[in-house]
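Peer 1: need coordinates for the following:
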Amino acid sequence: MSYTSWQYFVMILVLLPVYYLLPKKHRWIVLLAGSVFFYIQLIRDWKQLLIFGLSIILSYGFSLLIQITRRKKKIVRLVVLWAGILLSSLPLLLYRVGGLFGSTSWIVPVGLSFYTLQMIAYLTDIYKKTVRVQVNPLKYALFISFFPQIIQGPIPRYKALEQGLFEGNDYDFEHIISGLQLVLWGFFLKYMVADSAAVFVNTVFDQFPKYTGGYVLLAGILYSFQLYADFLSCTSLSQGVAEMFGIKLGENFCRPYFADSVKDFWRRWHISLSSWLRDYIYIPLGGNRKGKLMRWINLVIVFAVSGLWHGGSGKFLVWGLLHAFYQILGELFSFGRKSTERTSSKFLRPFRQLLTFILVMIGWIIFRADTLKSALAMLESMFTEFTPELFTGRIFKLGLNQKEFIVLVFSLVILWVTGYLQEKGVVIRTWIMKRNIVIRWGIYFAVIWLIWICGSYGYGFNAADFIYGGF
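Peer 2: Numbering: from 1, shown residues only. Got it, this is the predicted structure:
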């Protein structure tokens, strides 16, 4: 079972009426039952389920210990906190350390990287007394395993989800429709952009050095959009399903490729992870309170952690450090300031946006390549080799024919136009909801028809796993 399978949406159709028919105080039980069923169907491996269950039990136990020792000496409370953090994150630490040393045989539950950060944040927030401990172990288990976001986030904070998960929500038909809009948008991103781009991207990256130069450049561009569309797709599906139950999940993206600096990019990309790194690593290290040099050191530490969180290999560490270097360089040359502070000219911003995209794309090539050595070779060829045959039609022999490539470009244009309108303050879902019923449902059926006819979906096709689910 996955977020794009018909079995998943049959499960939703079963859960929704049961959820709204039960008394409010018992509705969380439906969500817990759905989460348990979904995760068991997703994993089907008792070892992974055991690790997941033990992680929940350990972190729950330490949350109670932190609560019990709140009036003890600070050193005692710190020891309990760090013991809880280390034991709760042990599976992730072992997996990442094993990856750095070439041993990746560790059994990894799906969503490990995401729910580990939830546990760490929860324990830390209890220690800081910003949230009250959840005494009910089943409610805590629901918070960690909530099925719409268990695979790849957004990474929720307990305080933000507590009320929606446990107190029950009133039935609102508009929530159902709004959630379905997000689900439909998620399917468009997955099948029209991400999985279509993946065909070309995989051909180039998996067969390098057969394809070099301009092929690498185009693959790098398409991978940048593939990764974004894939991750935004899963986020939209998660938000949409949660909204049907009246639960609001946080935003995880804010049109990152409209950023005009790398610093701005990280305000917009994977927001739940960026804010987690800021609140639980960057600020505790001192943030920007101890001078410029220490701020840069803190940035390096934060992005090194970010790199290793994504994967236990040298290429991910280099990718993270590269973004730290970008930000330090941006500060030196004032690329991180607001546009109004840099210049009153509106013509410079598109140039900065293009430069930012190129810098981020270089990082994504490192991120996607099989090894760091391959990534460096690909980047070298991109800047040194001219491939004129790229313009002779050979581009349509790398998995996507001419018509399929046109459909992909058309889908990317829709993605860009949507982002542009949102940048201008247009809330597209609200705009659609205000149209009459004929226009509204005409739009819905047109999108469904477009995805069904033109998307990378159909008999014999298995949708690619969501990329960030592998981290």
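Peer 1: who are the packing partners of the top helix by length along the chain?
Peer 2: Longest among the helix segments of the chain by residue count, using DSSP state H, is helix 214-244. If you count contacts as 3 or more Cβ pairs under 8 Å, 6 or more residues apart in numbering; DSSP states H and E, helix 214-244 packs onto helix 6-21, helix 173-188, helix 195-206, helix 348-368, helix 372-384, helix 402-423. C-betas here are computed from N, CA, C, even on glycine.
Peer 1: out of these, deepest packed?
Peer 2: Highest mean neighbour count of the helices and strands packed on helix 214-244: helix 195-206, a mean of 21 (counted as mean count of other Cβ atoms under 10 Å).
Peer 1: give me the average confidence score over that helix.
Peer 2: Averaged over helix 195-206, pLDDT sits at 92.
Peer 1: again, but for stretch 267-281
Peer 2: Stretch 267-281 comes out at a mean pLDDT of 93.
Peer 1: name the residues that touch that stretch?
Peer 2: 117, 120-121, 124, 153-156, 231, 250-256, 258-259, 266, 301-302, 305-306, 309 (Cβ atoms under 8 Å, 6 or more residues apart in numbering).
Peer 1: and those residues, which are buried?
Peer 2: Among the contacts of stretch 267-281, the ones that count as buried by 16 or more other Cβ atoms under 10 Å are 117, 120-121, 124, 153-156, 231, 250, 252-253, 255-256, 258-259, 266, 301-302, 305-306, 309.
Peer 1: hmm, back to that, in helices, which of the contacts of stretch 267-281 appear?
Peer 2: Those of the contacts of stretch 267-281 lying in helices (DSSP H): 117, 120-121, 124, 231, 266, 301-302, 305-306, 309.
Peer 1: CSV for the residues you listed, including distance to Leu450?
Peer 2: Shown next, in CSV, are the ones in helices among the contacts of stretch 267-281 (distance: Cβ to Cβ, whole Å):
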residue, distance to Leu450
Leu117, 36
Ile120, 41
Ala121, 39
Thr124, 45
Phe231, 21
Trp266, 33
Ile301, 45
Val302, 41
Val305, 41
Ser306, 36
Trp309, 36
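Peer 1: now do the contacts for Phe325.
Peer 2: Phe325 neighbours (Cβ under 8 Å, 6+ apart): none.
Peer 1: how close does it sit to Tyr60?
Peer 2: 40 Å (Cβ to Cβ, to the nearest Å).
Peer 1: do Gly399 as well
Peer 2: 47 Å.
Peer 1: and Phe351, by the same measure?
Peer 2: Remark: distance between Phe351 and Tyr60 (Cβ to Cβ) = 51 Å.
Peer 1: same thing with Gly168?
Peer 2: Remark: distance between Gly168 and Tyr60 (Cβ to Cβ) = 22 Å.
Peer 1: who's more crowded, the two?
Peer 2: Taking other Cβ atoms under 10 Å, Gly168 and Tyr60 do not tie; Tyr60 has more neighbours (26 against 20).
Peer 1: the more buried one sits in which helix or strand?
Peer 2: If you go by DSSP states H and E, Tyr60 is part of helix 46-68.
Peer 1: now do the buried residues in that helix.
Peer 2: 48-49, 51-52, 55-56, 58-60, 62-67.
Peer 1: what residues are up against Phe37?
Peer 2: Neighbouring residues of Phe37 by Cβ under 8 Å, 6+ apart: Met11.
Peer 1: hmm, Phe225 is touching Trp416, no?
Peer 2: No: if you go by Cβ atoms under 8 Å, Phe225 and Trp416 don't touch, sitting 9.4 Å apart.
Peer 1: tell me the pLDDT of Val131.
Peer 2: 91.
Peer 1: from Tyr140, how far out is it?
Peer 2: 12 Å.
Peer 1: those two: which is more packed in?
Peer 2: Tyr140 (21 against 17).
Peer 1: quick check: chain neighbours aside, which residue is closest to the more buried one?
Peer 2: Nearest non-adjacent residue to Tyr140, counting by Cβ to Cβ, 6 or more residues apart in numbering: Gln134, 4.5 Å away.
Peer 1: how near is that neighbour to Tyr158?
Peer 2: In terms of Cβ to Cβ, Gln134 sits 7 Å off from Tyr158.
Peer 1: same thing with Ile51?
Peer 2: Ile51 sits 22 Å away from Tyr158, going by Cβ to Cβ.
Peer 1: about what we covered before: which of the ones in helices among the contacts of stretch 267-281 lies closest to Glu331?
Peer 2: Trp266 (13.1 Å; Cβ to Cβ).
Peer 1: domain parsing for the protein?
Peer 2: Following the assignment in automatic domain parsing, the chain carries domains at 6-171, 175-261+336-454.
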